[in-house]
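Chemist: sequence-free structure coming up:
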């Protein structure tokens, strides 16, 4: 016998089918259809343990959603918040005006446990006070269930992340939202949601993570719409209407992680096959930037050391469209290195340091074929990060300072924030972003007209 139901919400349609078998248990199929793109996403769950009663017998031939008959074992939790977020540029930014952000975000979220299936959703209604960027976003719509004792499936829209770096990413090649970071949104918004299927296999000696997405997930990068950037073609800092447009690719992407604990040391190996998250290639035929194809392999370690935690990570990006580094329109292959240490300096005061390096491969070939050596990246870009986190007033007040400084490119990015929990429902945040540097084409200096302060007021229900 099959039972079907359909729910339409915003730009999605959900179809739920439950098929009952007398001997085999239950097959539960969930189909999500996003009719704007025409993409169909399907999940089918089979579990011997999924049963609606101690025995499945003929009475379910007349199944009805009645509490007296079904007595479904489920639980749910609903929550929501409203957040006002405003920001102001503190430097002269003739390209964008005075305001860095002005918006109201209404979030509705919930978790549902139904037998062995966990469902989570986060729906954001964002009102831009300027009326230019109103949107409705499913930040999360995810189904999580066990196929067996060792295999777990997580499918749908979700936020994924791994690796050991803080705001520096080596093997974490899941998409990021850099506009959210620069605007001063809560740090969780830096990680952009994606539509994917994740398989987690738990073996006795290791854990295997496999992630597949049916489309390439690019970063929300600094393109001139919200924040200005340096355009080498114009040799100037530009913004709207000089938007950095990039062609969108439709190819799949695959992520892999193998995790093992060795003598209390967390050791991981990574792999990625897809496209670069930034539009670091240019097509002379179309006149547009695009995301080139790359493959990445790497590893990381994390362990207790002394009175704190130490971490190390390495990754190697292979430019599949330009393996020899001779094409001036495509970013070369690159090796990334990271070492970090975090410890409690004083009670309630935590500090962390990172050393990070980006090493451009085939650099002589890059120099030989470059169209403009002035704006090419350094062969080795060094970055030192430092973070201070202090809690006071019974942990209701949190002060955060995070800085990134490149000693060879001589540019810096500083983030500050003060977060105060006024009540269980009200949280206030005040913070700022500061950019500085001598050469306008370097990573942080190009954003020096984007210095801003911001204020957030959140009421949670």
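Modeler: Noted; the coordinates are in hand. Keep in mind the model is a prediction, meaning the values are calculated, not measured. Residues are numbered from 1 along each chain as shown.
Chemist: now residue 334: how far from residue 87?
Modeler: 33 Å (C-beta to C-beta, to the nearest Å). Every residue, glycine included, has its C-beta placed from N, CA and C.
Chemist: these two: who's more crowded?
Modeler: residue 87 (24 against 21; other C-beta atoms under 10 Å).
Chemist: give the contact list for that one.
Modeler: Taking C-beta atoms under 8 Å, 6 or more residues apart in numbering, we find residue 87 in contact with 99-102, 183-184, 452-455.
Chemist: let's see 6 Å
Modeler: 100-101, 183-184, 452, 454 (C-beta atoms under 6 Å, 6 or more residues apart in numbering).
Chemist: residue 298 - nearest residue in space that isn't next to it in sequence?
Modeler: residue 315 (3.2 Å; C-beta to C-beta, 6 or more residues apart in numbering).
Chemist: helices or strands up against whatever helix or strand the one you found lives in?
Modeler: Under the criterion of DSSP states H and E, residue 315 resides in strand 308-319. If you count contacts as 3 or more C-beta pairs under 6 Å, 6 or more residues apart in numbering; DSSP states H and E, strand 308-319 packs onto strand 293-305, strand 334-346.
Chemist: quick check: residue 297 touching residue 271?
Modeler: Yes: using C-beta atoms under 6 Å, residue 297 makes contact with residue 271 at a distance of 5.5 Å.
Chemist: ranges for the helices of the stretch 1-150 of the chain?
Modeler: 67-70 (DSSP state H, counting those that start in this stretch).
Chemist: next one: the stretch 251-400 of the chain
Modeler: Going by DSSP H, counting those that start in this stretch, the stretch 251-400 of the chain shows helices at 363-369.
Chemist: can you give me the neighbour number for the nearest residue to residue 149 once chain neighbours are set aside?
Modeler: Closest residue in space to residue 149, ignoring its immediate chain neighbours: residue 202 at 7.9 Å, by C-beta to C-beta, 6+ apart. Residue 202 has 14 neighbouring residues, counting by other C-beta under 10 Å.
Chemist: so what pairs up with residue 202 in the strands?
Modeler: Residue 202 has the following beta-bridge partners by DSSP bridges: residue 207.
Chemist: domain map for this structure?
Modeler: Domain segmentation of the chain under automatic domain parsing yields 1-72, 73-460.
Chemist: first to last residue in the longest one, what's the distance?
Modeler: Think domain 73-460. 28 Å (C-alpha to C-alpha, to the nearest Å).
Chemist: what's around residue 112, how many residues?
Modeler: Neighbours around residue 112, by other C-beta under 10 Å: 15.
Chemist: in the sheet, who's paired with it?
Modeler: Under the criterion used (DSSP bridges), residue 112 bridges to residue 76, residue 119.
Chemist: state the pLDDT value of it.
Modeler: Note on residue 112: pLDDT of 93.
Chemist: if I look at it, how far off is residue 195?
Modeler: For residue 112, the distance to residue 195 - C-beta to C-beta - is 19 Å.
Chemist: next: residue 120.
Modeler: In terms of C-beta to C-beta, residue 120 sits 14 Å off from residue 195.
Chemist: same check, this time on residue 378
Modeler: 36 Å.
Chemist: who has more neighbours, the two?
Modeler: The residue with more neighbours, out of residue 378 and residue 195, is residue 195; 20 against 15, by other C-beta under 10 Å.
Chemist: and the more buried one, that's in a strand?
Modeler: Yes: looking at residue 195 with DSSP: H, G, I helix; E, B strand; the rest coil, it is inside a strand.
Chemist: which residue is the nearest non-sequential neighbour of it?
Modeler: Nearest to residue 195 is residue 157, by C-beta to C-beta, 6+ apart, at 5.2 Å.
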